[in-house]
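Novice: Just a sequence and a predicted model for now, questions to come.
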Amino acid sequence: MEKVISSPIRWTGSKKKLLNEMLYTFDREKEIYIEPFLGSGTVLINVLEKGYYSNYYVNDVNRSLIDFYRTLKENHERLSKMISKICKEYNELDTIDEKATYFYDMRKRYNGNRIKAYTRSSIFWFLMRTGYNGVYRVNLNGKFNVPFGKKKTIIFDQEKAEYISVLIQPVQFYCLGYQEFISELSEKIDLSKAFFYCDPPYIPETKSMENQVLYTKNRFEHSDFILHMLEWWESYYDLTFMISMSDSHKTDELYNIWELNKICVCDIIRSVNPRKKLVSKEVAFLNYIISEDEMKMADNTEPAFVL
C-alpha cells in the first residue's frame, strides 16, 4: 500500500489511517472533485497527489483553516519562515510552565483577531500543534478555547509544506456554509460532472457530546444535509457522492433509510489490505456502485471488495 501524505495541520478526526483503502471507493470517472467539509485536508492532499481529477473545489466553515491553505498556496516560504520562528521560540523555553504561558499568550493573540493573514495562519498552526489532542473548539462567543496539550517540542516540515503548496495550486478554496458553497458552484460549473466527498461532523452519540461546542457555535443538522444532497442529486442526476460517517444507530436512522449503498471501511481494509490491524467504526454512504476494477487489490491481480 502507498504511504499517505499527512496534513500539515494536526487535526482530530483525520482520515489518515483509513485513507489508503477509502481511495479505492472514490468515483474516478468524474472530472471535478468537490469537498464541502475540508477538515485537515488530508483527503484532498492525497487525491491531488494521485491526480484523480482535473478540477478541485473545496470548502470549510472554519476561516482559519481555509486561510492557512490559502496562505500556503500563495507563499509557502513566507508562511514557513513565520512558523519556524514560532517553533524556535517555543522549543527554546526550558520548562513546561513557560511553554504553557507561551501557548496561552498565543491563544489570546489569536482570539484578538487584529492580526494579518500570515501571522494568524502561523499562530493557528501552532495552536493546533500544541493544543490538546488536535481539537479545534470554540466557545459561544466564537473564541478558540482548547487548553494546552503539554507538547515538549514541535517541528514544522518545510520541505513537505513546499510540496503540498505545489499540489494545491489548482485548488479553489471557499469559506462558506455547505449550502452556499454548492449553490455558488452550481452557477459556475456542471455539477453532473462532479464527485462529492463529504465528511460532515460526526453525529453526537451521547447527551454530553450534543452539548459540546466543537468547530463552530452552530450545531450541524444532519437531516437537512442529507435532504440537500438528495435534492442536488435529483437536479444533477449524474453527480456522485460519498458521505463518511461514524457507524451508529443514529447514523442508520438518518442515512440508511435512503436508497444508498452503505459500505463499512473496516471491511474494505480487511479486503484490500488484510495485514493492516485497524478496527474502525467508519462507514460511508454512496449513490453509485463500486466496480470490480476499482476495488482490486494493491497488486492489481484479483478483485478485493465488490458491492
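Specialist: In hand now; what should we look at?
Novice: How many residues are close by the residue nearest to Val146 when sequence neighbours are not counted?
Specialist: In space, and not counting its chain neighbours, Val146 is closest to Gly131: 4.2 Å by C-beta to C-beta, 6 or more residues apart in numbering. Any C-beta I mention is one placed from the backbone N, CA and C, and that applies to glycine too. When neighbours are defined as other C-beta atoms under 10 Å, Gly131 has 23 of them.
Novice: OK, contacts around Gly131?
Specialist: 103, 146-149 (C-beta atoms under 8 Å, 6 or more residues apart in numbering).
Novice: Quick one: the strands in the protein, in order.
Specialist: Here the chain has its strands, by DSSP state E, at 32-35, 55-59, 171-174, 194-198, 240-246, 261-264, 282-286.
Novice: would JSON lines of those with distance to His222 be doable?
Specialist: Below are these laid out as JSON lines (distance: least, C-beta to C-beta, whole Å):
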{"stretch": "strand 32-35", "distance to His222": "18"}
{"stretch": "strand 55-59", "distance to His222": "17"}
{"stretch": "strand 171-174", "distance to His222": "21"}
{"stretch": "strand 194-198", "distance to His222": "11"}
{"stretch": "strand 240-246", "distance to His222": "9"}
{"stretch": "strand 261-264", "distance to His222": "15"}
{"stretch": "strand 282-286", "distance to His222": "11"}
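Novice: for the ones you listed, which one sits closest to Asp97?
Specialist: Taking C-beta to C-beta, strand 240-246 is the member of those nearest to Asp97, at 37.0 Å.
Novice: So which other helices or strands are in contact with the closest one?
Specialist: Contact here means 3 or more C-beta pairs under 8 Å, 6 or more residues apart in numbering; DSSP states H and E; on that basis strand 240-246 packs against strand 194-198, helix 222-235, helix 249-255, strand 282-286.
Novice: Would you indicate which residues of the second one are buried?
Specialist: This means helix 222-235. 222, 225-226, 228-229, 232-233 (16 or more other C-beta atoms under 10 Å).
Novice: Could I get these in a markdown table, plus columns for distance to Tyr255 and pLDDT?
Specialist: Below are the buried residues of helix 222-235 laid out as a markdown table (distance: C-beta to C-beta, whole Å; pLDDT from 0 to 100):
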| residue | distance to Tyr255 | pLDDT |
| --- | --- | --- |
| His222 | 8 | 93 |
| Phe225 | 10 | 95 |
| Ile226 | 6 | 94 |
| His228 | 13 | 95 |
| Met229 | 10 | 95 |
| Trp232 | 16 | 95 |
| Trp233 | 14 | 95 |
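Novice: out of those, who's nearest Lys281?
Specialist: Within these, the smallest distance to Lys281 is 16.5 Å, found for His222 (C-beta to C-beta).
Novice: got a list of what the closest one touches?
Specialist: 200, 203, 254-255.
Novice: Give me the distance between it and Phe285.
Specialist: To Phe285, His222 is 11 Å away according to C-beta to C-beta, to the nearest Å.
Novice: Name the residues contacting each of these two.
Specialist: With C-beta under 8 Å, 6+ apart as the test, His222 and Phe285 both reach Tyr255.
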